[in-house]
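**Student:** I'll drop the sequence and a predicted model, then ask my questions.
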Amino acid sequence: MKEKRRRAVHILKEGLEVSLDGPSKKHETEEIHLSPVHQVEEKDIIQIPPVRTGVHGTEVVNYNYVPKPIADISVDKKPDEVRSSSPTSCSIDEIRSTLSKDRTDGNPNSNVNELSNLPDISSLRSSNVPTVVHVYRPTEIEDKRKDLPIVMMEQEIMEAINDHSSVIICGETGCGKTTQVPQFLYEAGYGSSKGIIGVTQPRRVAVLATAKRVSYELGLHLGKEVGFQVRYDKRIGESCSIKFMTDGILLREVQNDILLRRYSVIILDEAHERSLNTDILIGMLSRVIKTRQMIYNEQQKMMLSGESISPEKLVFPLKLVLMSATLRVQDFTSGRLFCTPPPVIEVPTRQFPVTVYFSKKTEKTDYIGEAYKKVLAIHKRLPPGGILVFVTGQREVEDLCRKLRKASREFIKKNVEGSMESDSTAVHETNSVEGININEINEAFEVHGSSSIQQTDRFSGYDEDEKDVNEDESDFSYDSEAESELEFNDDDNLQHLENKSNNVDILGQEGSLASLKAAFEKLSGQAPLSSSNGEQTFPMNTEGNLDQSKVFREKRARENCSPPGALFVLPLYAMLPATAQLRVFEEVKEGERLVVIATNVAETSLTIPGIKYVVDTGREKVKNYDSSNGMETYEVQWISKASAAQRAGRAGRTGPGHCYRLYSSAAFNNEFPEHSPAEVEKVPVHGVVLLLKSMHIKKVANFPFPTSLKAASLLEAENCLKALEALDSKDELTVLGKAMAHYPLSPRHSRMLLTVIKNTRHQHKCNQNLLLAYAVAVAAALSLSNPFIMQYEDDSSRDSEMSEKFSMGDRGKDIDKKEKLRRKKLKETAKVAREKFRVVTSDALTIAYALQCFEHSRKSVEFCDENAVHFKTMDEMSKLRQQLLKLVFYQSDRGGFEEEDSWIHGNLEDVEHAWQVSSKKYPLSLVEERLICQAICAGWADRVAKRSTVSSRASNGEKPFRAVRYQSCMVDESVFLHRWSSVSIVSPEFLVYNELLETKRPNKQGITSAKRAYMHGVTSVEPAWLVEHAKSSCIFSPPLTDPKPYYDAQTDQVKCWVIPTFGRFCWELPKHSLLISNYEHRVQVFAYALLEGQVCPCLKSVRKCMSAPPESIMKREAFGQKRVGNLLSKLNSRLIDSSAMLRIVWKENPRELFSEILDWFQQSFHKHFENLWLQMLNEVLMETQERPLHKSIKKKGKSKAVR
C-alpha cells in the first residue's frame, strides 16, 4: 500500500492520473448525496455560516449542518456566538479535581482507568452529518501539494482522527504534515461552531511562517480566518477557524479554561522535540479529552431525557493530534498517558540518497583539526558542492573559519603567482577522469576499513519551511540554539524505505568504492566495471538521469584542469546577527565553494542551498543542570544517533550527497545514545511545579508526563518554591504563590516583580514609576544571556576584500596584523563600555541601564557596535521588557490578587514615560537602587554566596587569576566572582547570583586541569535582607537579654533580638529583631512599654509620680507584688499585647485596666489620675496616623532625609 502511494506521488508529478483503491476525499466529497440533510427540517438546523470569499477570488463554502440530537435543543445563538460562549454549568473546581485525582495503590494508570469505560468518539459519527468545506486553490498551489506525500494519505489520516480521540502522525521533515494536516481538518469542518483548530509550534518563527503558508494555500486572510499568537504579536479575527500559536500560549489558555472549550481539535507539532511546554500539554490534554468526552456523554443523556441545554453550555469532544518527525513514540503510546494507545500513522517521504562514511578511528581531542583536513580534501579532490561542517560552539566555529579562510587565501595566492599551471599535470585516461586521479578518489572516499560499514541514508528533498524562508526571509531568524528544530530519523524505518525504493543509489550497489570507480570510468567514456552479479552500475539521481558529474567533467575540461578555487567560508550559530545568518542563502560566486561552519543550529529543517557534503564531528555542546546543587555546566558530548542521522540528511536536502563522520562505527554503535533526553530532564522544573500547583494538581509526581520527573528534580523545585515563599510547609500554594502563578514567568522573576510592587506601596521617597520600569528591565535582563559577553567573530563580509588584496599581491602577515589590531581594539571598546554602564551593586542593573540607553539611541545598531554589546540580545531584551510591563498592568487590572500585590501608582503610559526620559547619567537614586536589589534578593533567595576568607591563589601549575573566592549555600566547592562582573570592584560580603556555571581552566602548559564554578548575574545584598526574604533558610537563636526586648511603635509589635544563621553552612548574620513568639513574655514587654509612655505618651510626664519604676515589671522577683500581678493578669486575660488590641478593649469598656494602672501611682496622685485617664483614652482611640507619637516619628524621619 505504501509502495503504491509512493509510485502515485511520482505519477502525479508527471501530470498523470492515479487510480487508487478507494475514492480519495476530494472525489468522495463531490459524490456525497445530501439526502439525510434534506430530511432534516429547517427548524432543526443551526444557521449555516455565510459564504466566504478567499484571497484567490474563489468561494469557500462551508456545509456545516448540525442536526439536533434525538431530543429537542433550544438554539438561540449563531455558531460564532456558540464558539465564544460561556462555560458549561459544571463547576471548574470539580473538573480540576477530576484531573488532579491522586493515583491509588501506586498504579500509574489509575487516573486513566477512571474514564476507561467512556465510549470512543467513533460511536458519534453515525449521528453527525458529514461536513465539507470546499476550497479552490490556484493551479500552482495544487501542483506543489501533489509533491507532498502526506496529501496522498488524507483519507487515512482523517478516518483515524474521526474514529479516535487522539492520533499520532509520524513523518520526516518535508512530508508536509505541518502545513497540510490543519487544512485537512479545516476542509472536514473542524474549524466550525464546535470549536476552532489549534496548532502549536515550539518556536515563534515557525508559528508565523506556518500561519502565513496555510492562509495562502487556503485562500484565507492571515489574521482573520487564520490567526496566530506569539509572545510579541497576536492577530486573531472574530471568524477565526485555525489558530497557530506557541506551546506556551496554549499552556496559559489551559490555566484560564481547563477544558479548552474554544477548540475542537488541538495539534501539537514537533512533539518529538520533547520541549517542556509540549510535555506538560500532552499530559494535560490526555486528561482533558477524557473529561470533555465525559461531559459530552452526560449532556447527551440529559437531552435524551427531555432536558434542554442552551448552545453556549454545550461541550463537544476534543481531538488531539500529535505530530512527530521520528518514530520515537513509545513515550506517547504508553498507558501512562492514554488508556488505549492511539493509532500511529506513518507518512513516507520522498528521498535523496546520502552516502555515510565512518572513520577508521575516532579522534578524541583534535577533531577540529580532522574537520579542517577533511574539508580541504573534499575541496581539492571532489566535484563542486557546498560543504556543511558541524562543530560544538561559537569559538570552534570562529577558529575553523579562520583556518579555512587562511587556506583559501593560499589557494588564491598560488593562482595569482601561477604556481599551478594548466599544463603541469598530465592527464592519463587509463586511471583518471578529466584531471581527477583515481588514487585521489580512493583517498577521498577512504573508509579505512571494510566497505560493509558504509551505509546509505535517504532524506526528504522537499522542505516546507524552505518556502517560508524564501518568501519572506525577514521573518526568519534563530531564537536560540536550544530552539533548533531537530527532525530525527529512525534507522530501521530508513532502511525499510531504502529497500522498498526504486531509486538508484548515487554510488550504485551499497555505495561501494568499486561502483564509484565505475561511475567515473563511465563518465570518461570507458567501459564500466561490472558488479559481482554481472550488472553494470551507473551513478544516477532520483529522477533516473545520469549524475550531474558530467557537467562537472565538461567544466573542468574547459578550465584545463585548473587548481582548487577559493572557499567562501561562512559561520552559522545562534548568537550570530540575523543578517549574517541569512548570508548562507546567498548565491556563491562562480569558481568558489561554499563552506558553512555551524553548530547544531543547522540540524533544523532549514535547507542551506547547494550543500552536497557534510562533515560531522559527532559532538555538541550541551548545557547540563544538576538539580542537587543548581550547578550548570557546558559539556561537549556525543550527539544522539537520531541527531547524527539528521546531520547526514543535510547533504540530501536538494540532491544526492555524502556525509563524512569523524568517528568510527564502533563509537557510533556503542557510545551514541539513541535519542536526546527530553527537556524536562535537563532544566529546573520549579516553574512547572508552580504551574501545576496553581491548577490544583496537588501531587505533581503523579502528573502524566511522557517522561516522569526525577525525584531529585521535584524535591529541588519544591525547596526552591519554599525559599521563594510560594509554598508553605504542607507543600500548598501560599497567597504569594498564587499571585506568582498568574505571571507567565519564571517563579524567580515573578517573585522579584511582586516584591517591587509591594515595596512601592510603602515608599514615598522614590519615583515609583521609574522603579517599576527598572524592575521590569531587570527581569528581562536576567531572562536572557549577558549582552556584554562579546563575540570576537571574524567578519565573513571581509572575505571578498581579503581575496582582492591577495590578487594585488598583499601578504597574509599584513592581514594577520590588522586582525590582531582589530581584536585588540574591540577588546578595549568592550572594557570601556563596561565601565560606562557599570552599576557596582548589580550586574542586572548594569544591563538594565545599558538597555535604557539602547532604547534611547536613535541608531541602535551603531550603539551596539560602539559599546560592544550584542544587538540581537538587546533587541530581544527590549521587546521582552515591553511585554512584561504590559503584563504587569494586565494582571493588576484583571484582579484576583491581594491588595498589596497590585500596582496602585501610575498607568502604563506613566511608567513608559519615566523609562523613556533620557538621562546622561544613571537615573536611580540610592533608595531606588536598594529597593530593586532587595527585590532581586527575594527572587534568588536560595542562591546566596558569602565571601570566603581563603585567598584565591593558583595551584598545580595553573595560570594566575583575579577572581574572588566565595562559598555558595548550594555547593560544597568554592565558587568565584568573575573579574568581568560589575560587582567585582567592591566584592561584597553577601551576594545572590542568577546562575552558577562550571568551566574548565587550563594550566600554564595549556592542559585542561581543575574545574571552576563562576557566578553570573550577581547582585550585592545586605544580611538583613536574607532574614526578611529568605526566612525559611534561617535558624534563629533564643531571644537575647542584651539588647532587651522592646515595643516597636511603628509596627505596633513587641520584638526581641536574636542571632540568625543562614543556610546549611550556618553563616552568622547580624542581630535581628523578631516578634516575640511567647505570648506571656510579649504581654510583659507590652506592659512595660505602656507604663513607660511608649503607647500613651502622656504617661512620660508623670513617671515621677509612680510608686515603682516601670522596668520593675520585667524582673522575675517582682511577680509577687500586687500591682505587677494584677496588671499582667488583666492584660493576659484580655489578650492585650499591642496598641490595636488595647484600642479594641477600650472601645468596648473605657474603664478597663483603670484600677490596675492606678495601683502604679502614688496615693497623692490619685486625685489627678482621672484627667490622665481621659488623655490616655484619647491617645489610644485616635486613628494611627493622627497620633502624636507617629507624627513625631514622621518628622524625625523627614529631618533625617533632609540632612
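**Tutor:** Yep, that arrived.
**Student:** And the strands in the stretch 851-1000 of the chain?
**Tutor:** Counting by DSSP state E, counting those that start in this stretch, the segments of the stretch 851-1000 of the chain that form strands are 944-947, 964-968, 974-977, 990-992, 995-1002.
**Student:** Output the contacting helices and strands for the fourth one.
**Tutor:** Counting contacts by 3 or more C-beta pairs under 8 Å, 6 or more residues apart in numbering; DSSP states H and E, strand 990-992 packs against strand 944-947, strand 1019-1020. (Glycine included, C-beta is placed from N, CA and C.)
**Student:** now do the longest one
**Tutor:** Helices and strands touching strand 995-1002, as assessed by 3+ C-beta pairs under 8 Å, 6+ apart, comprise strand 631-638, strand 1008-1016.
**Student:** quick one: which of those strands is nearest Phe1165?
**Tutor:** strand 1008-1016 (64.7 Å; C-beta to C-beta).
**Student:** need the strands for the stretch 651-800 of the chain, in chain order.
**Tutor:** Under DSSP E, counting those that start in this stretch, the stretch 651-800 of the chain gives strands at 657-661.
**Student:** go on, the stretch 1001-1150 of the chain?
**Tutor:** Going by DSSP E, counting those that start in this stretch, the stretch 1001-1150 of the chain shows strands at 1008-1016, 1019-1020, 1034-1036, 1046-1048, 1053-1058, 1060-1062, 1067-1068, 1072-1075.
**Student:** re the thing from before, out of the strands of the stretch 851-1000 of the chain, which is the most enclosed?
**Tutor:** strand 990-992 (a mean of 26; mean count of other C-beta atoms under 10 Å).
**Student:** what about that one, average pLDDT?
**Tutor:** For strand 990-992, the per-residue pLDDT values average out at 95.
**Student:** Repeat that for stretch 1066-1078.
**Tutor:** Average pLDDT, stretch 1066-1078: 92.
**Student:** can you list contacts of that stretch?
**Tutor:** With C-beta atoms under 8 Å, 6 or more residues apart in numbering as the test, stretch 1066-1078 has contacts from 946, 969, 1023-1024, 1026-1027, 1034-1036, 1039-1040, 1043, 1045-1046, 1048, 1053-1062, 1082, 1085.
**Student:** Also stretch 1142-1152?
**Tutor:** By C-beta under 8 Å, 6+ apart, stretch 1142-1152 touches Leu1090, Val1095, Lys1130, Arg1134, Ile1136, Leu1153, Leu1177, Val1180, Leu1181.
**Student:** Any chance of those in a markdown table with distance to Cys864 and pLDDT as columns?
**Tutor:** Shown next, in a markdown table, are the contacts of stretch 1142-1152 (distance: C-beta to C-beta, whole Å; pLDDT from 0 to 100):
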| residue | distance to Cys864 | pLDDT |
| --- | --- | --- |
| Leu1090 | 64 | 94 |
| Val1095 | 60 | 93 |
| Lys1130 | 72 | 93 |
| Arg1134 | 68 | 92 |
| Ile1136 | 64 | 94 |
| Leu1153 | 70 | 94 |
| Leu1177 | 68 | 93 |
| Val1180 | 62 | 91 |
| Leu1181 | 63 | 87 |
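**Student:** pretty sure Ile168 is in contact with Phe332, am I right?
**Tutor:** Yes. Counting by C-beta atoms under 8 Å, Phe332 is a contact partner of Ile168 at 5.8 Å.
**Student:** and for these two, which residues touch both?
**Tutor:** Ala271, Leu322, Ser324, Pro342.
**Student:** Please identify, among these, the one with the most neighbours.
**Tutor:** Using other C-beta atoms under 10 Å as the neighbour criterion, Ala271 leads these with 29 neighbours.
**Student:** I'd like to know how many residues surround Arg930.
**Tutor:** Arg930 has 18 neighbouring residues, counting by other C-beta under 10 Å.
**Student:** Asn702 too?
**Tutor:** 18.
**Student:** Please apply the same query to Asp143.
**Tutor:** Asp143 has 13 neighbouring residues, counting by other C-beta under 10 Å.
**Student:** Return the distance of it relative to Val226.
**Tutor:** 22 Å (C-beta to C-beta, to the nearest Å).
**Student:** What of Ile1035?
**Tutor:** To Val226, Ile1035 is 59 Å away according to C-beta to C-beta.
**Student:** ok, now Lys621?
**Tutor:** 38 Å.
**Student:** So for these two, which sits in the more crowded spot?
**Tutor:** Set Lys621 next to Val226 and count neighbours by other C-beta under 10 Å: Val226 wins out with 30 against 17.
**Student:** so what's the more buried one up against?
**Tutor:** Contacts of Val226 (C-beta under 8 Å, 6+ apart): Ala211, Val214, Ser215, Leu218, Leu220, Cys240, Ser241, Ile242, Lys243, Phe244.
**Student:** Number of residues surrounding the third one?
**Tutor:** Think Ser215. Ser215, neighbours per other C-beta under 10 Å, totals 22.
**Student:** any idea how far it is from Leu724?
**Tutor:** For Ser215 relative to Leu724 (C-beta to C-beta), the value is 43 Å.
**Student:** Repeat that for Leu926.
**Tutor:** 26 Å.
**Student:** So these two - more neighbours on which side?
**Tutor:** Set side by side, Leu926 and Leu724 give different neighbour counts by other C-beta under 10 Å, the larger being at Leu724 (28 against 9).
**Student:** Just list the residues touching the residue lying closest to the more buried one once chain neighbours are set aside, thanks.
**Tutor:** Spatial nearest neighbour of Leu724, chain neighbours left out: Arg751 (4.8 Å); criterion: C-beta to C-beta, 6 or more residues apart in numbering. Residues in contact with Arg751 (C-beta under 8 Å, 6+ apart) are Leu724, Glu725, Ala726, Leu736, Met740, Ala938, Gly939.
**Student:** Which of those residues sits closest to Val315?
**Tutor:** Distances from Val315 to the contacts of Arg751, taken by C-beta to C-beta, are shortest for Met740, at 30.9 Å.
**Student:** Quick check: the closest one touching Leu724?
**Tutor:** Yes. Judged on C-beta under 8 Å, Met740 makes contact with Leu724 at a distance of 7.5 Å.
**Student:** Find residues that contact each of these two.
**Tutor:** Shared contacts of Met740 and Leu724 (C-beta under 8 Å, 6+ apart): Pro747, Arg751.
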